[in-house]
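**Q** task: produce atomic coordinates for the following.
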Amino acid sequence: MKHKYLHINNKSSFFSLIFILAMLLFAASSCKKEYPSLPYTEIVSFSIKDNNGAVLKAAIVNNEITLYWPPEQTVPETITPVITLSDKATILPASGTTVAFNENTTFTVTAEDGTTVNYKLVPTINYTKPYISTITSLTTYKEKVYKIQNQRFIINGDYFNPDATATKVFLVSADKTEVPATIALITAIRITVTSANPGLYSQVKVITNNRTVLIDSPIEILASDPRPNLFTPVFSITGPIKRGQQFTITGGGNMNVSNKIELLNSTTGSRAELRLVTAKNDSWTLEVPADFPLGNYTSIQNTYPESAYYAGGTIGLNAGTITITQ
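**A** Numbers count the residues shown, from 1 in each chain. The predicted structure is shown next:
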């Protein structure tokens, strides 16, 4: 037979236990904290493999993923990056997805709290730095080094990119003004420049594969040949020219520099001097002396003195048949 007091105590203990458990559950639920979603959107690491299987790690700065590709390897059209993100973040395109290896590729990182950040892929081909060894095909006379506008000169060196869109040439003046030059031909070791604006320059600058190289090389680009020249002579008189008669020859440039004009008899090899009445930039007015040897002449001999750009000399020009009569 159970004692009545024992029965009451057991029942009391049961309800006490239930009460204690309820209080513990309440306390536990009261202590539980709600943590906010994480805001992190960082790319911790970004890597690919080159053509030989070596791992290339990107530099990630200011939302740009810069990857340096080895210069001796063919640049791929696509890459498959392995990407590590900050805690709870996701990325599109996902790690392990094949993407284009160019600057049009972007990645979007989304944080746990929904914040998004875009990262731009920046492929950088780690080309060998180019160098310039010499500038050739220039005209040199005493202290002058020059070229006529639209005449070619050559930049010699190595590691130039033959792609015309990746290589530029500038002539740099003493005040650091840069004037673009026109390129006719590019190889890895030579750049042929075909045109540049007239002026006096102290340096040649080449930009190729986003690398810049300079060489001190004084060059003067002249608008035209400084020497007197007669391209296509045009006579003011047609037919025979008489002794004592004046006539004009046009069709040249810098003709005012000339100081002596002769006619050459190609049969006898003899020369006879005409009197130079006036000399303008594009014409001569000449007079046949009274004692000028009669006969047929086939060449005009143009003599000019030395200047800062050239030595003095004589230029002969075939002029057809010039007949001198009494």
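**Q** pull the helix or strand with minimum mean pLDDT from this protein.
**A** Using mean pLDDT, DSSP states H and E, the weakest-scoring helix or strand in the chain turns out to be helix 4-31, at a mean of 58.
**Q** list the buried residues for the very next helix or strand once past that one?
**A** Of the helices and strands lying after helix 4-31 in sequence (DSSP states H and E), the nearest is strand 43-49. Counting neighbours by 16 or more other C-beta atoms under 10 Å, one finds that the buried residues in strand 43-49 are 43, 46, 48. The way it works is simple: take the backbone N, C-alpha and C, and place the C-beta from them, glycine included.
**Q** who does whichever helix or strand comes after strand 43-49 touch, helix- and strand-wise?
**A** Counting by DSSP H and E, the next helix or strand C-terminal to strand 43-49 is strand 55-57. Packed against strand 55-57, as judged by 3 or more C-beta pairs under 8 Å, 6 or more residues apart in numbering; DSSP states H and E, are the following elements: strand 43-49, strand 64-69.
**Q** again, 7 Å this time
**A** In terms of contacts (3 or more C-beta pairs under 7 Å, 6 or more residues apart in numbering; DSSP states H and E), strand 55-57 is packed against strand 43-49.
**Q** tell me what the strand it packs on is packed against?
**A** Identification of packing neighbours for strand 43-49 by 3+ C-beta pairs under 7 Å, 6+ apart yields strand 55-57, strand 64-69, strand 82-85.
**Q** out of those, nearest to residue 134?
**A** Closest to residue 134 of the helices and strands packed on strand 43-49 is strand 64-69 (C-beta to C-beta; 30.7 Å).
**Q** identify the residues contacting that closest one?
**A** Around strand 64-69, the neighbours that count as contacts under C-beta atoms under 7 Å, 6 or more residues apart in numbering are 43, 46, 48, 56, 58-59, 75, 119-126.
**Q** partners of the helix or strand that it is followed by in the sheet?
**A** From strand 64-69 onward toward the C-terminus, using DSSP H and E, the following helix or strand is strand 78-79. Here strand 78-79 is paired, per DSSP bridges, with strand 99-100 (antiparallel).
**Q** dump stretch 35-46 to PDB, keeping only the CA atoms.
**A** Provided in PDB are the C-alpha atoms of stretch 35-46 (Å, rounded to 0.1, in the frame of the first residue of the first chain):
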ATOM      1  CA  TYR A  35      22.700  37.500 -37.400                       C
ATOM      2  CA  PRO A  36      22.500  39.900 -40.400                       C
ATOM      3  CA  SER A  37      23.300  38.600 -43.900                       C
ATOM      4  CA  LEU A  38      27.000  39.200 -44.900                       C
ATOM      5  CA  PRO A  39      27.800  42.100 -47.200                       C
ATOM      6  CA  TYR A  40      31.100  40.800 -48.600                       C
ATOM      7  CA  THR A  41      31.700  41.000 -52.400                       C
ATOM      8  CA  GLU A  42      35.500  40.500 -52.700                       C
ATOM      9  CA  ILE A  43      37.200  38.200 -55.100                       C
ATOM     10  CA  VAL A  44      39.900  36.700 -52.900                       C
ATOM     11  CA  SER A  45      41.800  34.900 -55.700                       C
ATOM     12  CA  PHE A  46      41.500  34.500 -59.400                       C
END
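**Q** thanks again, I'm all set now.
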